[in-house]
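Novice: 3D model of this:
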Amino acid sequence: MTDLKDKSYPGADASTDDVLYLASWYYQAAFVLWKETSRITVYKYDPLAFMPARLLTIHAIEMCLNAFLRHEGLSAKDVRARQHDINEPSFIKALKLKPKTANHLRDLTARREYLAARYAPERSRDLSEINRLEATLAEVMVKVTAYIRSGETLQDQ
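Specialist: Purely as a prediction, here's the structure:
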């Protein structure tokens, strides 16, 4: 059990593989929640009902980026300093993300969708389309996993 007086930042000692593994669980949870919310709201679309799935999806994308950055040698402190900015050109280039996905990452950051999904129910109708979020997460998860498993880094390119 962790000492409650320990002031180190949680996750500072996590390995790249641990971060990626946790991202994969957020990925799974997001898709389960999208499916379940769609089932429950099949007769009446309710954008607020999808906010928890939206938050999990964006968080999973961010965790993938964090794993990528840790793989590239950034410290946990430097990764945290990004403050939910998932628009990282080196990430987009190294993973060879589709233009739609790259643009969506820029839009997610510019519109501060992570914070909106977490705190702003009044913005629920103004956020990314569900299909776009799901597609972005799926592409990012697959490509980050393959990139990290390959052992390649930006310095190798």
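
Novice: surely E139 meets P99?
Specialist: No: counting by CB atoms under 8 Å, E139 does not reach P99; the two are 11.4 Å apart. All C-beta atoms are positioned from the backbone trio N, CA, C, and that covers glycine.

Novice: higher neighbour count, these two?
Specialist: Legend: neighbour count by other CB atoms under 10 Å for E139 and P99, higher for E139 (19 against 8).

Novice: so who does that one touch?
Specialist: Neighbour list for E139: L97, K98, T101 [criterion: CB atoms under 8 Å, 6 or more residues apart in numbering].

Novice: again, 6 Å this time
Specialist: Contact analysis of E139 by CB atoms under 6 Å, 6 or more residues apart in numbering lists T101.

Novice: how about H71, nearest residue that isn't a chain neighbour?
Specialist: T16 (4.6 Å; CB to CB, 6 or more residues apart in numbering).

Novice: can you report how many residues neighbour the closest residue to L65 other than its chain neighbours?
Specialist: Nearest residue to L65, sequence neighbours excluded (CB to CB, 6+ apart): I86, at 5.2 Å. Close neighbours of I86, defined as other CB under 10 Å, add up to 22.

Novice: contacting residues around I86?
Specialist: Taking CB under 6 Å, 6+ apart, one finds I61, E62, L65, L105, L108, T109 in contact with I86.

Novice: for the chain, which helix is longest?
Specialist: Counting residues, the longest helix in the chain under DSSP state H turns out to be helix 16-40.

Novice: what mean pLDDT does the helix or strand just after that one have?
Specialist: Where DSSP states H and E defines the elements, the next helix or strand beyond helix 16-40 is helix 51-71. Mean pLDDT, helix 51-71: 94.

Novice: CA atoms of helix 51-71 as CSV?
Specialist: C-alpha atoms of helix 51-71 as CSV (Å, rounded to 0.1, in the frame of the first residue of the first chain):
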residue,chain,number,x,y,z
MET,A,51,-20.5,12.2,-22.1
PRO,A,52,-19.0,9.4,-20.0
ALA,A,53,-18.1,7.3,-23.0
ARG,A,54,-16.7,10.5,-24.7
LEU,A,55,-14.5,11.1,-21.7
LEU,A,56,-13.2,7.6,-21.6
THR,A,57,-12.5,7.7,-25.4
ILE,A,58,-10.5,10.9,-25.2
HIS,A,59,-8.7,9.7,-22.1
ALA,A,60,-7.7,6.4,-23.9
ILE,A,61,-6.4,8.5,-26.8
GLU,A,62,-4.4,10.6,-24.4
MET,A,63,-3.0,7.5,-22.6
CYS,A,64,-1.9,6.2,-26.0
LEU,A,65,-0.1,9.5,-26.7
ASN,A,66,1.4,9.3,-23.2
ALA,A,67,2.7,5.8,-23.9
PHE,A,68,4.2,7.0,-27.2
LEU,A,69,5.9,10.0,-25.5
ARG,A,70,7.3,7.8,-22.7
HIS,A,71,8.6,5.4,-25.3
